[in-house]
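>>> Would you be able to build a 3D model of this:
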Amino acid sequence: MEKNQKDDKIKKRIRFPLMGRISVLIFLAMLLAVVLVAVVSQNSRMKRAIQQGGESARQACAIVRNFLEKGGYDEDFFRRTEDDNYDEYFFFREIFFPEICEGMDLKYLYLFTIDQYEKRHHIVTVARDRDDQVFVDEIMKDQEDGSQLPLQDNEKNVMKGTIESELQEVNNKYGHVVNCVMGYRDENGKLLVLIGADYDMDYVMEIMKKDSNYLLIIGLTAIAITFFLVLIMIHIWVIRPIRGLSRHMHNFMLEKDIQLPPSKSHFRDEVTDMESSFRKMAENLKMYVADIQKLASEKAESDVQLQVAHKIQNGMVPPEKEYSGRGCSVYAVMHPALEVGGDFYDVFDLPMGKVGIMIGDISGKGIGAALFMSIVRRIVRERLRTGMLPAKALKRANDEICRENPEGFFATVFAASWDPMSGKLTYANAGHNPPIRFGSKTEELPIHPGDLLGIFEDAYFRNETMNLEIGEGILLYTDGVTEALNPEHTAYGEKRLLEQVSHLEPDSKEIVKTVRNDVLGFEGEDNIFDDITLIAMRRVEMQWIRMAPELSELGRLKRYVMGFVEDQSLAKNIMTPSEEWFVNIVSYSDAKSILFDIVRENQLIKVTFADDGTPFDPTSYMEEKAFEELDTGGMGIEMIRNMTTELRYERVECRNVVTLVFKQDLQSGG
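Residues are numbered from 1 along each chain as shown. This is a model prediction of the structure:
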């Protein structure tokens, strides 16, 4: 019923073809690119226009000032009226100034003085446009009517003599211009008159608007052409091969056709990889079908099924597996009594750097047991990988198995979550054989037996914990080890297993291989009655972690320290000096690489840094610095000393090796 509901939901989804999605994404990307280019181009052109306009206005002012200097115009000339200087005024207004306005695209060009009341007195004012000229003439008829605009900053600055000329963008009733003001002074430096030139920005804006429309049309045209070309290429190189592959897969699913035509692509890509995989799958299936059709008896067909099941089981649970790294060493083997077995084991990564370990035994043998084994293994594994504790994962698995177990299979399972960095092992048992602890001593681990999976819906499982020190580990096994019988029908037994492990070096691989070979030799390989499965996990010294001498690595450093120490208050006290020393290495040592390690030894936690930088011994660092110089390293080293139980230094193979030692009951300071 749940499957039907899921199928109905899938059917109700809106069909949005891949080509349509790609088209939308490409169009939006191109449109965004054009908009960004247009905005950036508009701003850039506006800045250039203002610069060019200001330069034109400045040059116009300079031309007028040079003319006044060569003509020797004095203060008296600028005090006279138009009637007194009609010829000169006519020359300025009708010839000289208009030519400059026209030649340099100016809106206004004018001479004016400013009285003690900061009012302008225009001597000559010329506009390039006739309408503008009429407008300014009307305003300038009566310059004392109080309607003048206040002085601009550039006018004040030129009057004060702080600068020779200054530009300013102005937008007022006279228009939107870039204004330049330049002073004309006599030999004694006295300001005689101000020269003003306004460059018309409205004219520039109109031109830029036309250019923008033109560029927009070109851009949209380019988008359309590029868009359709890209879609054609995508259709040829991607969509068409995928549709062809989808069609053949559909035919294959309906068992109408399992032939694939040769690929037309001249390149290797993800689509050709899918075609190759599908082709191999189809060919393999044809071989299996052909083999099955050739079998004449039920037994032969059963043998083929067993071979297939054996390959599948070996894919899920390989005959042997080795897992090492992050402070742990795990080795496992499985030796089935038949082509397929009911035993299983698993080693896999969990969140927060932990490792999931599992071993189990299914009731019965053959394909049915192997199928049930795969279900149990998958369910428990998935629950553990979500971060569930082992007891809860077993409980959820038991509930799910009890609901769907028509054949009445059951299983024993031991599941654990192990943090190799801290050594903490959290485990729960579902009727499985108790593990054997090895290392400092060899003993059977007393654990709560738990209930079998798949029998009772109200089964009970309990989480238990233990800490493995470096060099210690546990051995997990199925009853095919202890219940193995020799030709005299004597069982191998727990006692012999304990004795065998106690005489071996605490090495995961050696223990598993030696015990397996001893069991096979005891039982005889031709007389194996039950599956033999062993898995040993051992905590080992943490390998160096290589880090780049960059402050961006502080996040990794924090994750390692916070993940290693369970007590968050202690972890923060360890992180502070560790972070400080890492920053000192990056900032002052010129190191090219940094090695990092953190281990637990009895009641101590040791954080070690090794760098290839300039030799420096923080344990003998006694330099006194002024208060304002303490941020160059001295204050940090003093803080590290105060917050650690011990600070160690060695120079080993051209590396500074600094170890920060902390007590596990450390709360604050050393």
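
>>> ranges for the helices of the stretch 101-250 of the chain?
130-140, 153-160, 201-234, 240-253 (DSSP state H, counting those that start in this stretch).

>>> Of these, flag the one that's most buried.
Of all these, helix 153-160 carries the top mean neighbour count, a mean of 16, counting by mean count of other CB atoms under 10 Å. Yep, even glycine has a C-beta here, placed from its N, CA and C like the rest.

>>> elements contacting that helix?
When contacts are defined as 3 or more CB pairs under 8 Å, 6 or more residues apart in numbering; DSSP states H and E, helix 153-160 packs onto strand 165-172, strand 175-185, strand 191-200.

>>> Tell me which of those strands sits nearest to residue 95.
Among these, strand 191-200 comes nearest to residue 95, with 16.8 Å by CB to CB.

>>> which stretch in the helices and strands packed on helix 153-160 is the model least sure about?
Across the helices and strands packed on helix 153-160, strand 165-172 has the smallest mean pLDDT, namely a mean of 74.

>>> partners of it in the sheet?
Partners of strand 165-172 in the sheet, by DSSP bridges, are strand 175-185 (antiparallel).

>>> Could you list the buried residues of the strand it pairs with?
Buried residues in strand 175-185, counted by 16 or more other CB atoms under 10 Å: 175, 176, 177, 178, 179, 180, 181, 182, 183, 184.

>>> Equivalent analysis for stretch 494-506, please.
Those would be 496, 497, 498, 500, 501, 504, 506, for stretch 494-506 by 16+ other CB under 10 Å.

>>> what sits against the last one?
So the one you mean is residue 506. 438, 439, 471, 472, 473, 538 (CB atoms under 8 Å, 6 or more residues apart in numbering).

>>> who's the nearest residue in space to residue 170 that is not next to it in sequence bridged to?
On the basis of CB to CB, 6 or more residues apart in numbering, the spatially nearest residue to residue 170 that is not a chain neighbour turns out to be residue 179, at 4.8 Å. The partner list for residue 179 in beta bridges (DSSP bridges) reads residue 168, residue 198.

>>> so residue 179 makes contact with residue 172?
No: Residue 179 lies out of contact with residue 172 (CB atoms under 8 Å); the separation is 9.8 Å.

>>> Could you pick out the buried ones from the contacts of residue 506?
Using 16+ other CB under 10 Å as the burial test, those include 438, 472, 473, 538 as buried.

>>> pretty sure the second one contacts residue 540?
Pointing back at residue 472 there. No: using CB under 8 Å, residue 472 is not in contact with residue 540, being 9.9 Å away.

>>> List the residues that contact residue 531.
Contacts of residue 531 by CB under 8 Å, 6+ apart are 334, 335, 336, 337, 341, 342, 343, 361, 365, 478, 480.

>>> try it again with 6 Å
Applying CB atoms under 6 Å, 6 or more residues apart in numbering, we find residue 531 in contact with 336, 337, 341, 343, 480.

>>> Disregarding residues adjacent in the polypeptide, which is nearest to the last one?
Setting aside the residues directly before and after it, residue 480 is nearest to residue 530 in space (CB to CB, 6+ apart), at 3.7 Å.

>>> tally of neighbours for that neighbour?
When counting by other CB atoms under 10 Å, one arrives at 22 neighbours for residue 530.

>>> what do you get for residue 587?
Neighbour number of residue 587 under other CB under 10 Å is 13.

>>> still on that earlier bit, with distance to residue 446 added, can I get the buried residues of strand 175-185 in JSON lines?
Converted to JSON lines, those look like this (distance: CB to CB, whole Å):
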{"residue": "175", "distance to residue 446": "96"}
{"residue": "176", "distance to residue 446": "91"}
{"residue": "177", "distance to residue 446": "94"}
{"residue": "178", "distance to residue 446": "91"}
{"residue": "179", "distance to residue 446": "94"}
{"residue": "180", "distance to residue 446": "95"}
{"residue": "181", "distance to residue 446": "97"}
{"residue": "182", "distance to residue 446": "100"}
{"residue": "183", "distance to residue 446": "101"}
{"residue": "184", "distance to residue 446": "106"}
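
>>> Can you pick out the most distant pair from those residues?
Of all pairs drawn from the buried residues of strand 175-185, the widest gap by CB to CB lies between 176 and 184 and measures 26.6 Å.

>>> The helix or strand residue 649 falls within - what's its average pLDDT?
Assigned by DSSP states H and E, residue 649 belongs to strand 646-652. Average pLDDT, strand 646-652: 85.

>>> quick check: angle from the helix or strand that that strand is followed by to strand 646-652?
Going down the chain from strand 646-652, the next helix or strand is strand 655-663, by DSSP H and E. Counting by axes from the mean of the first three to the mean of the last three CA atoms, to 10 degrees, strand 655-663 lies at 160 degrees to strand 646-652.

>>> What strands line up against strand 655-663, and which way round?
Take DSSP bridges as the rule and strand 655-663 pairs in its sheet with strand 604-611 (antiparallel), strand 646-652 (antiparallel).

>>> Please state the offset of the first one from the chain centre?
Distance, stretch centre to chain centre, for strand 604-611: 28 Å (CA atoms, centre = their mean, to the nearest Å).

>>> residues in contact with it?
Outside strand 604-611, the residues within contact range by CB under 6 Å, 6+ apart are 578, 585, 589, 591, 594-599, 655-662, 664.

>>> Just the buried ones from the residues you listed, in ChimeraX syntax?
Filtering those down to the buried ones (16+ other CB under 10 Å) takes a single ChimeraX command:
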select :578,585,589,591,594,595,596,597,598,599,655,656,658,659,660,661,662
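
>>> circling back to that earlier point, can you redo the helices and strands packed on helix 153-160 as a markdown table with distance to residue 24?
Output for the helices and strands packed on helix 153-160, formatted as a markdown table (distance: least, CB to CB, whole Å):
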| stretch | distance to residue 24 |
| --- | --- |
| strand 165-172 | 42 |
| strand 175-185 | 41 |
| strand 191-200 | 44 |
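
>>> Out of these, which is closest to residue 373?
Nearest to residue 373 among these is strand 165-172 (81.1 Å), distances taken as CB to CB.

>>> Okay, angle between that closest one and helix 153-160 too, please.
Note on geometry: by the same axes, to 10 degrees, strand 165-172 and helix 153-160 are set 150 degrees apart in direction.

>>> quick one on the thing from earlier: mind checking which of the contacts of residue 506 land in strands?
The strands, defined by DSSP state E, take in 438, 473, 538 from the contacts of residue 506.

>>> Rounded mean pLDDT for the lengthiest helix in the chain, please.
If each helix of the chain is counted by residues according to DSSP state H, the longest one is helix 18-71. What helix 18-71 shows for mean pLDDT is 75.

>>> What residues of the helix or strand following that helix count as buried?
Using DSSP H and E, the next helix or strand after helix 18-71 towards the C-terminus is helix 75-79. Neighbour-count burial for helix 75-79 flags 77, 78 (criterion: 16+ other CB under 10 Å).

>>> same thing with stretch 58-69?
Buried positions in stretch 58-69, judged by neighbour count with 16+ other CB under 10 Å: 58, 60, 61, 62, 63, 64, 65, 68.

>>> Name the nearest of these relative to residue 413.
residue 58 (88.1 Å).

>>> residues contacting the closest one?
residue 180.

>>> The one 3 residues further on too?
Residues near residue 61 by CB under 6 Å, 6+ apart: 180, 182, 195, 197.

>>> Next: residue 166.
Contacts for residue 166 (CB under 6 Å, 6+ apart) come out as 154, 157.

>>> how does it look with 10 Å?
Contacts for residue 166 (CB atoms under 10 Å, 6 or more residues apart in numbering) come out as 54, 58, 152-158, 179-182.

>>> for residue 360, same thing?
If you count contacts by CB under 10 Å, 6+ apart, then residue 360 has 342-346, 373, 376-377, 380, 411-415, 430-432, 453, 476, 478, 533 around it.

>>> Pairing partners for whichever strand or helix holds it, with directions?
Using DSSP H and E, residue 360 sits in strand 355-362. Partners of strand 355-362 in the sheet, by DSSP bridges, are strand 343-349 (antiparallel), strand 411-419 (antiparallel).
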